[in-house]
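Visitor: need coordinates for the following:
(2 chains)
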Amino acid sequence: MFRNQYDTDVTTWSPAGRLFQVEYAMEAVKQGSAAIGLRSATHVVLATVNKAASELSSHQKKVFKMDDHIGVAIAGLTADGRVLSRFLRSECINHAFVYESPLPVSRLVVHLADKAQVCTQRSWKRPYGVGLLVAGLDETGAHLYYNCPSGNYFEYQAFAIGSRSQAAKTYLERRFEAFNNYPREELIKDALSAIKETLQGEKLTSAICTVAVVGVGEPFHVIDQKTIQEVIDSMEIREEAAADQGTMQEEDKSSEAAPMDI
Amino acid sequence: MEKKEKAILFFKSDTEFGSYGSTLRYKSVERIKAIGKHTLLGASGEISDFQEILRYLDELILYDNMWDDGNSLGPKEIHNYLNRVMYNRRNKFNPLWNSLVIGGVKNGQKYLGMVGMIGTHFEDNHVATGFGNHLARPIFRDEWSEDMTFEEAVRLLEKCLRVLLYRDRSAINKFQIAKITDEGVTISQPYSLKTFWGFSAFKNPSKGAEGSW
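Guide: This next block holds a predicted model:
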């Protein structure tokens, strides 16, 4: 009848030392459409894949502005994501009210993680089924964090969550070492390339992704569709050019190789 | 009184007095305190209310340090926090009876501001509380300049303090001056100014006010 006798309650341990309900919540993050983030020393870019539930509906919002200096991208249960966004916004505004200065990103992330952790230790609660990429800028520079339903949080140079995010992670892992010195335009291009990896052959257009940026002298904002489409187009032109050159070289090689065969 | 100083200097001075209303009682109460690494706080008014404010700030700085994440509250944050505290208390019709002067330096950024008893607040290049508003600030306005050296600034402060000492019947001749830079805080030991009470204008002070006693 049950798949697992230790997964009916968040607070029940399995003999192997696991909390299945918490792991299921983390699974919910993997089911959501992908969100990726990457940062340089001065800027952070977030990008998400927008999946509409049906042909007849629009997609749900996956990128939220918390304050001028912080924004999040979510993957998983959007409803949970919105609740947490409201919490984060109120934390930011309360700090701004009392100190007239922006809340450090690391502190916001700890507040969020503490909130998530409580849900893993109360029998009458359930963990949040959403993962958040928190992008922000403060006195100590640009930051990118990942907040997990388990109450864990990690700081990253670049990260991807959601469905097929492994492909984006692989792409980012190959390139992250150069990110720290990237200008924002390059970050945006790599964000789009990483998103493209998660699409697995589906065509990347500005209609199926959201890209947002925050950085020095630039408050958090979603970049408009037109600009994104221009970037995508310019990337495609470059790829086609590169592909053409590749085939031409191959042709050259074959003509060179032919005499050798004789 | 405090005044903003060249580049990274900032400082303040104050008489010392424990007071309860105008019942001046204790002669060795220090009214300048360092708050965290980047901020100096000076106060006039009710000494026990000031002690309560210091308790709030001690807790605030303690919790700030407990994050241990490299972020810290600077003078601007402390100024705004105190403004909220003062204004909140006035809204309860139970104000903290102080005028506060907040100054500091963080990351090379100078800051000097004031909070009044009922939450009035502002920033300026020089500020003063109480009698200082009437007697010291006009002198500051004439003689303050952005590029003063530390010595020049001390001289100007002492000039103002001397005027205040002569004009305020309840002032005593005991002062402290504090300095804050990016390197840290120095608060002087209490010291006295040289005075001369033999000016002819001091001899018969009611001479120009005939008809009054």
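
Visitor: switch to C-alpha atoms for all contacts and neighbour counts from now on
Guide: Will do.

Visitor: for the longest strand anywhere in chain B, give the mean pLDDT please.
Guide: Counting residues, the longest strand found in chain B (DSSP state E) is strand B:98-106. The average pLDDT within strand B:98-106 is 93.

Visitor: what stretches of the chain score poorly on pLDDT?
Guide: Reading this off chain A. Scanning chain A for pLDDT under 70 picks out A:1-2, A:246-262.

Visitor: that was the other one, I meant chain B.
Guide: For chain B, the stretches with pLDDT under 70 are B:1-23, B:212-213.

Visitor: what helix or strand is the residue in it positioned nearest to chain A on?
Guide: Ranked by CA to the nearest CA, the top residue of chain B for proximity to chain A is B:Glu77, at 4.5 Å. Assigned by DSSP states H and E, B:Glu77 falls within helix B:75-91.

Visitor: list the strands paired with the longest strand of chain B, with their directions.
Guide: strand B:39-45 (antiparallel), strand B:109-115 (antiparallel) (DSSP bridges).

Visitor: name the surrounding residues that touch the first one.
Guide: Outside strand B:39-45, the residues within contact range by CA atoms under 8 Å, 6 or more residues apart in numbering or on different chains are B:12, B:14, B:19-21, B:31-35, B:50, B:74-75, B:78, B:97-105, B:129-130, B:180, B:185.

Visitor: what's the next secondary structure element after it?
Guide: Under the assignment DSSP H and E, the closest C-terminal helix or strand after strand B:39-45 is helix B:47-67.

Visitor: residues contacting A:Asp67?
Guide: By CA under 8 Å, 6+ apart, A:Asp67 lies in contact with A:89, A:92-93, A:220.

Visitor: output those in JSON lines; the columns should cover secondary structure.
Guide: Converted to JSON lines, those look like this (DSSP: H, G, I helix; E, B strand; the rest coil):
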{"residue": "A:Arg89", "secondary structure": "helix"}
{"residue": "A:Cys92", "secondary structure": "helix"}
{"residue": "A:Ile93", "secondary structure": "helix"}
{"residue": "A:Phe220", "secondary structure": "strand"}
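
Visitor: would you check which pair of those lies furthest apart?
Guide: Farthest-apart pair in those is A:Ile93 and A:Phe220; separation 15.0 Å (CA to CA).

Visitor: more crowded one of those two?
Guide: Set side by side, A:Ile93 and A:Phe220 show more neighbours around A:Phe220, with 26 against 17, by other CA atoms under 10 Å in any protein chain shown.

Visitor: so that one touches A:Val211, yeah?
Guide: No - with contacts counted by CA atoms under 8 Å, A:Phe220 stays clear of A:Val211, the gap being 10.8 Å.

Visitor: follow-up on the earlier one: put together a markdown table for the strands paired with strand B:98-106, with mean neighbour count on each row.
Guide: Output for the strands paired with strand B:98-106, formatted as a markdown table (neighbours: other CA atoms under 10 Å in any protein chain shown):
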| stretch | mean neighbour count |
| --- | --- |
| strand B:39-45 | 25 |
| strand B:109-115 | 23 |
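
Visitor: mind giving me the packing neighbours of the helix holding B:Glu77?
Guide: If you count contacts as 3 or more CA pairs under 8 Å, 6 or more residues apart in numbering or on different chains; DSSP states H and E, helix B:75-91 packs onto helix A:78-99, strand B:39-45, strand B:98-106, strand B:109-115.

Visitor: outside of that helix, which residues touch it?
Guide: Residues from elsewhere that reach helix B:75-91 (CA under 8 Å, 6+ apart): A:98-101, B:38-40, B:95-96, B:102-106, B:111-121.

Visitor: which PyMOL command selects the buried ones in these?
Guide: To isolate the buried members of the contacts of helix B:75-91 in PyMOL, using 16 or more other CA atoms under 10 Å in any protein chain shown:
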select buried, (chain A and resi 98+99+100+101) or (chain B and resi 38+39+40+95+96+102+103+104+105+106+111+112+113+114+115+116+117+118+119+121)
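
Visitor: give me the most central residue, chain A.
Guide: The centre of chain A sits closest to A:Ile36, judged by CA atoms, centre = their mean, with a distance of 2.4 Å.

Visitor: mind listing what the closest residue to it other than its chain neighbours touches?
Guide: Using CA to CA, 6 or more residues apart in numbering or on different chains and skipping residues adjacent in sequence, the residue nearest A:Ile36 is A:Ala160, 4.1 Å away. By CA under 8 Å, 6+ apart, the residues touching A:Ala160 are A:34-37, A:166, A:168-169.

Visitor: want to throw those into JSON lines with secondary structure?
Guide: Output for these, formatted as JSON lines (three-state DSSP):
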{"residue": "A:Ala34", "secondary structure": "coil"}
{"residue": "A:Ala35", "secondary structure": "strand"}
{"residue": "A:Ile36", "secondary structure": "strand"}
{"residue": "A:Gly37", "secondary structure": "strand"}
{"residue": "A:Gln166", "secondary structure": "helix"}
{"residue": "A:Ala168", "secondary structure": "helix"}
{"residue": "A:Lys169", "secondary structure": "helix"}
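
Visitor: spatially, which two of the residues you listed are the most separated?
Guide: Within these, two members stand farthest from each other by CA to CA: A:Gly37 and A:Gln166, at 13.4 Å.
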